[in-house]
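**Q** need a structure here:
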Amino acid sequence: MANEVTVPLLPCASIDDIAAFYEVLGFRATYQQRKPNPYVALQREDLHLHFFEMPGFDPNRSYGSCLVLTADLEGLHRAFAAGMRAAYGKVLVTGTPRMTRPRARKNQDGLSGFSVIDPGGNWIRVVRKATTDPLPATTPAGRLAKALANAVVQADSRGDVRQAVRILDSALARPQPDDDPVTQVEVLVYRAELALVLDDPETAADLLDRVKRVVLSEEETERAAPAYENAADLAAALR
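**A** Next comes the predicted model:
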């Protein structure tokens, strides 16, 4: 048969906290019950997520996860970010809940993706839907780009933030004359984001100051625009 639909069913400590958070992202509750078991069904256009409440559940120990495939990755991220700014005054980049930035994933054939980590500790992994045409094979150019690609796999895909930090710190400790300054900005900003995830605002602030000292041409500044936008979100989180 065709046209089947799969809906993820994810755990949480409180369906009220879950419903409130996803409302910020543009979801609405289509069904909710308290007995015999707390349960809520949420929908945003064609995106459906269901949650069940577990007594004593610890979001920090959650293994809940699902994939969301979309043709408009940037549009969905912008919508989620706008909802967060309207509700919280900033994009949540640290703690639980939070949201990562869209980045290419070398372990997903170079397709871009971002993750929403919700109040239940569930990772909603949003990935660009592949086209019918095969993507050209791409290899990150330069040592900083390779380090960044490896760090994204560790932190954004596997949730191993400390390993990602080790990769980036090693790369930043060995500057080379031929390092691409745009990639340097991207690495510094991502390392600052990971510092905030690890509740280290002093390191994050220092890294963002280093970003300001990287000299770019006009063309390079344009290429670095997404990284600078991320840096602005991180700076807002520090206030």
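**Q** Can you tell me the closest non-neighbouring residue to residue 12?
**A** Nearest in space to residue 12, with sequence neighbours left out and distances taken as CB to CB, 6 or more residues apart in numbering, is residue 120 at 3.2 Å. Where you see a C-beta, it was placed from the backbone N, CA and C, and this is true even at glycine.
**Q** What's the local residue count around the one you found?
**A** 25 (other CB atoms under 10 Å).
**Q** same thing with residue 16?
**A** Using other CB under 10 Å, the number of residues around residue 16 comes to 14.
**Q** now it: how far from residue 40?
**A** Using CB to CB, to the nearest Å, residue 16 is found at 8 Å from residue 40.
**Q** do you know how far residue 33 is from residue 15?
**A** Residue 33 is 9 Å from residue 15, by CB to CB.
**Q** Show me whatever sits in contact with both of these two.
**A** 39-40 (CB atoms under 8 Å, 6 or more residues apart in numbering).
**Q** and those two? which has more neighbours close in?
**A** residue 15 (23 against 12).
**Q** What pairs with the least confident helix or strand in the chain by mean pLDDT, parallel or antiparallel?
**A** Ranked by mean pLDDT, DSSP states H and E, the weakest helix or strand in the chain is strand 103-104, scoring a mean of 86. Strand 103-104 sits in its sheet next to strand 112-117 (antiparallel), going by DSSP bridges.
**Q** Check which helices and strands whichever helix or strand comes after the strand it pairs with is in contact with.
**A** Downstream of strand 112-117, the next assigned helix or strand under DSSP states H and E is strand 123-128. In terms of contacts (3 or more CB pairs under 8 Å, 6 or more residues apart in numbering; DSSP states H and E), strand 123-128 is packed against strand 65-70, helix 73-88, strand 112-117.
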